[in-house]
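J.: coordinates for the following, if possible.
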Amino acid sequence: MDREVRALWERYADAHDPEVREQLILHYAPLVKFVAGRVGVGMPASVDHADLVSYGIFGLMDAIEKYDPQRGIKFETYAVTRIRGSIIDELRAVDWVPRSVRSQARQIEAAIQHLVPLLGRSPTDEELAEHLDLEVGELQDALARMAMTSVAALDETLHVGDGDRIPLVETLQDLTAVLPEESVDDAATKALLRETISRLTEREQTVLGLYYFEGMTLAQVGEVLGVTESRICQIHTKAVMTLRVKLLERSRG
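T.: Okay, the predicted model is just below:
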């Protein structure tokens, strides 16, 4: 944090001056645009990027209001969680996902929940399709339609104290980061994530690694693996659903 920004935080901590808050919002506005761009990947054209940015601004404002510089946590690390959460909450309120897609997503998730304990790993497309009595092509078409919901699934998984939550995507991006919202059992959650990720197929692990750790777009991941962006969306969606199933099992247990 440079000297000028540190001075703004000190002034804001003293009096919560609205003018200082506006300066902080302007300074961190590019962070909102970055998060909105990542959330917008795979969403239909009807979802306007400008709307995502406006939703994210509310999350940025909330982060500025609640951030404590004395904790020694980078503001960007803290704010990304709230910005993304604000965007996802607004998208859920709009409910842009067709009901049929949500229904099929629940069926596929239930199938994964049934197969993962039996197989001890992520089911292949063929195994999942057979369980659902679908052709592999039909399953992949369904996963492609569901790709737009995969980011929301990442954001709704990890719940912590005081009504806050840590998105799975943040845990995947930096498994060593300590966020202000973390609960005492977060280390166990991360251990479960590592164990679950190790049970994904090699290609699923590669897609998650390139997308979340290396910051590649889905199109770039497709170029690396020599497949289409649509196929990467399918792989990403199934991998995320498998992770979600394991985490939900833990939260219920």
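
J.: ok, and what's touching stretch 2-17?
T.: Taking contacts as Cβ atoms under 8 Å, 6 or more residues apart in numbering, the residues outside stretch 2-17 that touch it are M1, V20, R21, Q23, L24, H27, I64, E65, Y67, P69, F75. To be clear about C-beta, it is placed using only N, CA and C from the backbone, and glycine gets the same treatment.

J.: if any of the residues you listed are buried, put those into a PyMOL selection.
T.: Below is the selection syntax for PyMOL that covers the buried ones among the contacts of stretch 2-17, with 16 or more other Cβ atoms under 10 Å defining burial:
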select buried, resi 20+21+23+24+64+67+75
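
J.: report the two of the contacts of stretch 2-17 separated the most.
T.: M1 and E65 (17.8 Å; Cβ to Cβ).

J.: and R244, how many neighbours?
T.: Using other Cβ atoms under 10 Å, the number of residues around R244 comes to 20.

J.: give the buried residues for stretch 99-106.
T.: Applying a neighbour-count criterion of 16+ other Cβ under 10 Å, the buried positions in stretch 99-106 are Q104, A105.

J.: likewise stretch 73-80?
T.: Buried residues in stretch 73-80, counted by 16+ other Cβ under 10 Å: F75, Y78, A79, V80.

J.: just the strands in this structure please.
T.: With DSSP state E as the definition, the chain shows strands at residue ranges 158-159, 165-166.

J.: among the ones you listed, which gets the worst mean confidence?
T.: If you rank these by mean pLDDT, strand 158-159 sits at the bottom with a mean of 38.

J.: what sits up against stretch 194-210?
T.: Residues from elsewhere that reach stretch 194-210, judged by Cβ under 8 Å, 6+ apart: 116, 120-122, 124, 172, 175, 216, 220-221, 224-225, 232, 235-236, 238-239, 242-243, 246-247.

J.: out of those, which end up buried?
T.: Among the contacts of stretch 194-210, those classed as buried by neighbour count (16+ other Cβ under 10 Å) are 116, 122, 172, 216, 221, 232, 235-236, 238-239, 242-243, 246-247.
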